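1. sequence first, then the predicted structure, then my questions.
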Amino acid sequence: MQTSFVPIEAAIPEIELQNQLRQKEITLELMEALSGAGSWTFDFIQEKVFWSDNVFRICGYIPQSFEPTFEIAYGLVHPDDLARMQAAIQHTLETGAVYDIKKRLIRQDGEVITITSRGVPEFDDNGKIVRLVGTLQDITRRVKTEEALLDGIQRYNLTLEGAMEGLWEWDIASGTAFFSPRFKEMFGIEPNNSDDGIHFFERKIHPEDRDPVLKALVLHFKHNDPFFQEMRLRDIHGVYRHYLVRAQASWNESGRAVRMAGSVSDITDQKKENKLLQDAVNLASIGSWEIDIVQQKVFIPEATRQILELDEQFEIGLHNIMYFFPEGESRDSLTKQLMHILQNGAPFTDMELNLFTGKGNLKWMRITAQTEWDGANPVRLFGLIQNITEKKRADQQLVQLLDEKSAILESITDGFCTVNRDWVVTYWNRAAETISTLPRNLIVGFNLWYVYGDASESRFKVEYHRAMNDHIPVHFEEYFPMIEKWIEISAYPSEYGLSIYFKDITENKHLTNLLQLEQKVLELNIRRNSKIEDTITFCLKAMEQLHPGMHCTIQKVDQGQLLNWIDVSMPPDYIKQVHEIPIGPNMGSCGTAAFLKQKIIASDISTDPRWSNFKSIIEPFGLKACWSFPIFGSQEEVVGTLAMYFNKVKSPNKAENQTIERMRHILQVIIENKTIEQNLKRSNERYEHATRATSDAIWDWDLNTKILYWGSSYSKLFGPEQEPGKTALQTWMDRVHPDDRERVVSNIFEHIESQKDVWIDSYRLMKPNGSYAHVIDKGVVIRDDSGQPLRMIGALQDVTRQKMEERRMKLLESVIIHAQDAIMLMDYKDEHVSEAKIYYVNDSFSNISGYTRKEIIGKNPAIIAGTHSDQSDLQQAIEILKQGKSVELETICHRKYGEKFWAHINLIPIPANPGEPFYAIAFFRDISARKMAEAEKDTFYKILRSIHLHERLEDGLTEAAMHLTQFMDAKYAEVWSINFNHSALVYKAGWPLDSQYSAMAFSVNEKEVILGVGMVGTAIEKRNMVYWEYLLQKPFRRKFVAAALDLHYGLSIPVFFKDEIIAVFCVFDSNPIPKVYLESDLLDKISHQLGADIQKFKTDKEFSHFFTLTPDVMCILNDSSYFKKVNPALERILGFTKEEILGRPIQFFIHPEDKQEFDVSNLNTKDVLEFENRFVTKSGTVVWLEWKMVYMQSERLIFAVAKDISQKRLMDAEKKHLIEVLTNNNRELKQFSYITSHNLRAPLTNMLSVFDLLDMDHIANQETALLLDALKKSTYHLNQTLNDLIDILIVKGNTNLSIRPLQLSNTFIQVSNSIHHLIEESGARIETNFEKAPFVTFNSEYLESIFLNMLTNSIKYTKPGIPPEIKIYSYSDNTNIYLIFEDQGLGIDLEKVKDRIFGLYQKFHPHKDSKGIGLYLVHAQVTALGGSISVESKVMEGTRFSIRFKKLPE
Amino acid sequence: MIPTLMCVDDDKMTLMLIRLILERAGFCKQLLTAENGSHALQYYDEQQKLPDSERLLPEVILLDLNMPVMNGWEFLSAFADQYPDWANSTKIFILSSSVDPFEKETAANHPLVLDFLAKPLSFDALERLKKIPAIASFFN
């Protein structure tokens, strides 16, 4: 709201107005904030736009961050809505109507929102619109909701319309039903027929599905369980198909189902697909799995069970799932990932893991998983598992192979491939692709012999099989007709199959062959008496040899006819028929070639028009192709034809072209030469010189006439001899490269002037196509007798190829120089390989050997052999090399400073020309790492085997020490073990078993290990390997012994078992232990993998002693309860031999009545099963065994121990019987005593009553009175005795006395009151203190009796004339309460009465009242309730009784 | 003084001595004696037949346990069975020379028995009895 709109005139009440406006603003803002709407104003007078904060917010801007304008406002509107908006504003401006529009805006962040905007115009006095004030509300969400709703409804309708499901509804009350059209269509119900109701299903349903469906229906009606049934129904064609039927009933208020509606969908195809899918999944070894995290359950279907090789009985659960994964990396990484998923909600990454299947096989599995979350809690983990063991194995093999060979593979241009033992090609490098013309995707993964099916009995198949079967490397060359190449092949067997290197040597071979052939031919030709026919025959034969399948013939041309001249392998009958055939067009290949003076290639005679006239002649001979080349005479006339026939349709390839061209030239020369020879001696000379210069183009220059003659090949190579208007000399000079021309020409003239014979120069000469050939030109000046130059004869050789060859050589050289393989070249004379000298080494060789090039060149290669090299291997290699064959060997070499390394050496001899030195090239590859790994592995297994092989651990460890010394090339090794309580080292073994080294063992005995002291102690303390150099300078305890033995370097390797060091291996040597050994995996393996084996050995031995020696039965049963292992105790007890026992299940031996008790099926718990049962021995007697069994689920074995308790059982029974008898006796006796007591007491009590009643005063007779008194006393005495006895009887016989907490002071008062006059009479002083322990839990009568007896005793046995002083007090400790009675009375001579003090009727004082029963009774009462009483006393000093009561829990 | 006291004991001499002691101690006005439980019960049977006004029912019974024909325990249960009102209103003491703790225990827990008195019945015992509230009322 803008105050600036207030007219100036109204400025007086401006403040008030401002306030009002402010109020309005606040209200508006509040409303805005509540509604989320924004307000805006278009001021047409000021041409300004005003937005409230919310408008900014709706449009995605910070409120009031800029001043809006019309442009901005319009700019926000979605382009599609702009026109509409402008029209609406226009409408409002024109009519004054309310502006109301729904439009889209593009927010600042690009999001499109839908808004409603309503505006009301404000008018000025003239009725003109000045402003438009409105609101704006974001309704995007609403619109979207509406759209979604609409979409949903539409979709629903569409679904209904287009549903493939049949729908039905059943009115249960009336029994009528409605079926959708689709439903009727599915089941062939007449469109109008709906009265069938639910009976429809009854008629259509497959009988086998009826019961489950009815059951589900009942459950649905009763409990509203979801009705979701798969069933088979007969369709319109009467065929059963699978349907999924879903239904929902509705119920009335009284709970009766009234309606039911549902759908039926045909899932037959789906089921089929599922089946197919399942089959596919099974084939691919894929299974699914699921873990319900909430219920802690694992579900796996049958397919997965098969993959995991699990029994049907095996229950998989969270408790055992981890045991599938081997401890270590596999389990750790899985656990780590699972924790990561469950704790951090990370997604599961596919894993490839090792796991043990149910059958204990280790397999590779690929595992994928997904997690299902309920909020932040994972509820389900599920995924797939695939057996990828085979794939993995192949991968690993390849990886291993490639690892080994990658260095070569990368650098070689040779073809390289690998095949596994099943002949499947596993690798095929790029060069192999090129050479074989087979792309790798067509061969890798296929059986080699499927691809090379036509190889049948070819050499390479034979050789490959030899390599594979005999496990030997093979090297050979073979011609592959398919690709028309000569291939040099080396195949190396390995445990995985073959590694095959091959090289295309076609060109080399060909060129070499050709060169040799040419030489031979020329040689033959210049023999003085040679016949041209012989030379040509040789030539043709050679050609045929070079190109198998080629049949050559040469015909002469004479007077327009072809005359047979020379052939080698042509069918004679055919040759006869082609004699004297005239030349001309279409006269076969030769006739045409001779006629047209050009080569004729008829690759397929059957279709070649030139052969149409001769087909009938040639066809019977099976010849399919014929190429013919004209042979020119010196005058460019055709003197003959050279023809090649083939038994197949064929065009010339590169090599054949090469051969033919070269041979034609040679033949031409020979023929020309021979023809002329006979007539012209000059020509002969020319030839001879030419031959000497081994020319390509021969020239003859008459120095007088200046005429230059060229041999015919010149024109072939460089064009016509003479160009129009030029002499031959000029023509030649013009063709010389301008840069070379002046030099060449001046040189040649200088040469002629000089007296030298041979001129030689190299220059570039232009070829007809304008390119320059590199030529070497040699000439000989022929002089007359006076030395005047007459002629110059020469030969021009095109050395372009050689030049290129040179370049190639340079390249090759750089390859050698920079090769990663170490390469050494050596030369030697004749067969003196052993005296070879190093000729060249590359940088890699210097690196590997430690010698600089300078140091080593000229030395014998043996410089790198040393003490560890296998001399016989080397010797053998030399022998093979002598035969000119290449050889491969693996041997130990020595670097400059003696350090060993393993090298793989490939020695290849290079054929030498006679008289020249031989060369051999050697490729070195450092294979120390591999050898080391092999040695490590080998040694480790040897050590392992040593431990298991020997009866005594010491022997095993001795052998282990031996292997270790051998591996490390050390002098001495020893093994210490650590005793049980980790307090002492025990020397176990040492190697060599040499008396001098035994000093090492005995210089430290097994007294103690002080951790951190000595090399072994340090290793134990550091829990790591310790390597000490210069033992003399170290706190090594045996340093002087070691020094005496020349041992200066020591290494201790702790051996761990489950984190505990159980042994230490030590190795000693005179020299530093090389780093490679210190870093060797073997030490690590010994340290961390051997412990378990040593421990196992120990445990096994210990266990086996136990097993054999224990008198108790020990046995192992399988889960079918057959004995798998039994100890001698069982044999002894049962009387059966081990063999008899092992063949039978345990039930066989169990007593028939106890068979029920033993059931192994109950044994799948971890608990120990304990029971006793009877076994029947071989002799038929019965023994009782007390069993303890444990079932090891993982091993499916039952481990059981048993004790023979027959004797115990017998004794128990006897004891029980005795106790029963005694108890009975006792009870009867007790009863008897009660009755006796009662019967005694009855008359006695009467007597007592009589004395009570008797008035003695009335007895007159003195004597009678005396007697009566005596009788009275006796009666009282009898009564007292009887009472005492009864008291004892009761204390002894009473087993269940009531006890309760008693206050000692109360009992004391009670008792002291009852003997009040006795206390007073004696003048006793009694001190009590029960504060420390005021209460005891005891029987009240007993406590009274105790107090009474103790008090009266103290009073009675006081020193004569001295009143008793008695102290009574109590105290307690944790478990007991003590009550002490102390007096200073007569005391007791404990020495004398020690054992009898608490006995019955034991009197220690001649006191008149002493009956000897008090202490007995106290003792009986105290002990009856678990207490005790003790006494200390000194005669005439006093007595102290200490009574201990058990503290009882409150 | 207790108006009527019944003593049940099979031993004639005991009965005689008890009578003498009770008389000398001035413990009761009238003493009824029965030789065993059955005998005592017969007395009650006879009283049952009499009109209320003529009945003579003991206020206190001294009951021996070990008796022929019907022992003390049997009497107690028969008495409670047949004459529950009388049984409940009579103060019954066991007077026995039994030393069996079981019998003392049973007496202590028996609803009809007030106390267990050990034989012989002495003047001291009677003095203590007089102090028991149930008996004391007769001597005020």
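-> Great, that's in hand. All values reported here derive from a predicted model rather than from experimental measurement. Numbers count the residues shown, from 1 in each chain, chains lettered A, B, ... in the order given.
2. for chain B, what are the nearby residues on the stretch 1101-1250 of chain A?
-> Residues of the stretch 1101-1250 of chain A lying close to chain B by Cβ under 8 Å from any Cβ of the partner chain are A:1234, A:1237-1238, A:1241-1242, A:1244-1246, A:1248-1250. Quick note: C-beta positions are derived from backbone N, CA and C, even for glycine.
3. pick out the residue nearest the middle of the chain.
-> Answering for chain A, as no chain was given. A:Leu353 (4.3 Å; Cα atoms, centre = their mean).
4. that's the wrong chain, I wanted chain B
-> B:Ile61 (1.8 Å).
5. doesn't that one belong to a strand?
-> Yes - per DSSP: H, G, I helix; E, B strand; the rest coil, B:Ile61 lies within a strand segment.
6. give me the pLDDT for it.
-> Looking at B:Ile61, its pLDDT is 94.
7. correct me, but it touches B:Asp9?
-> No - between B:Ile61 and B:Asp9 no contact is recorded; they are 10.9 Å apart, counting by Cβ atoms under 8 Å.
8. so what sits opposite the residue nearest to the centre of chain B in the bridge?
-> Counting by DSSP bridges, B:Ile61 is bridged to B:Met6, B:Ile92.
9. ok, the residue of chain B positioned farthest from its centre to chain A distance?
-> Of all residues in chain B, B:Pro51 has its C-alpha farthest from the mean position, at 23.3 Å, by Cα atoms, centre = their mean. For B:Pro51, the distance to chain A equals 38 Å [Cβ to the nearest Cβ, to the nearest Å].
10. return the residues in contact with that residue.
-> With contact set as Cβ atoms under 8 Å, 6 or more residues apart in numbering or on different chains, B:Pro51 has no partners.
11. is the residue lying closest to A:Gly134 once chain neighbours are set aside in a bridge, and if so with what?
-> Leaving aside its chain neighbours, A:Gly134 sits nearest to A:Gly119 (2.9 Å; criterion: Cβ to Cβ, 6 or more residues apart in numbering or on different chains). In this entry, A:Gly119 is beta-bridged to A:Tyr99, A:Gly134, by DSSP bridges.
12. now for A:Gly119, how many residues are close by?
-> Using other Cβ atoms under 10 Å in any protein chain shown, the number of residues around A:Gly119 comes to 22.
13. quick one: contacts for it?
-> Here A:Gly119 is in contact with A:40, A:42, A:92, A:98-100, A:132-135 (Cβ under 8 Å, 6+ apart).
14. just the buried ones from those residues?
-> Neighbour-count burial (16 or more other Cβ atoms under 10 Å in any protein chain shown) is assigned, among the contacts of A:Gly119, to A:40, A:42, A:92, A:99, A:132-135.
15. what's the helix or strand for A:Ala432?
-> In the assignment (DSSP states H and E), A:Ala432 maps to helix A:430-436.
16. show me what counts as buried in that helix.
-> Those would be A:431-433, A:435-436, for helix A:430-436 by 16+ other Cβ under 10 Å.
17. swap in stretch B:30-42?
-> Across stretch B:30-42, burial judged by 16+ other Cβ under 10 Å covers B:31-41.
18. does it reach chain A?
-> No - legend: contact between stretch B:30-42 and chain A by Cβ under 8 Å from any Cβ is lacking; minimum distance shown is 14.7 Å.
19. so where's the stretch 1201-1350 of chain A uncertain?
-> For the stretch 1201-1350 of chain A, the stretches with pLDDT under 70 are A:1293-1296.
20. can you give me the strands in it?
-> Taking DSSP state E, counting those that start in this stretch to define them, one finds strands in the stretch 1201-1350 of chain A at A:1300-1303, A:1325-1329, A:1335-1338.
21. then chain B?
-> All strands of chain B, identified by DSSP state E, fall at B:2-8, B:28-34, B:60-63, B:91-96, B:113-118.
22. output those strands as CSV; include the columns distance to A:Glu835.
-> Output for the strands of chain B, formatted as CSV (distance: least, Cβ to Cβ, whole Å):
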stretch, distance to A:Glu835
strand B:2-8, 145
strand B:28-34, 148
strand B:60-63, 141
strand B:91-96, 136
strand B:113-118, 133
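23. return the member of the contacts of A:Gly119 nearest to chain B.
-> A:Thr135 (96.0 Å; Cβ to the nearest Cβ).
24. roughly how far does the closest one sit from A:Val424?
-> Per Cβ to Cβ, to the nearest Å, A:Thr135 is found 79 Å from A:Val424.
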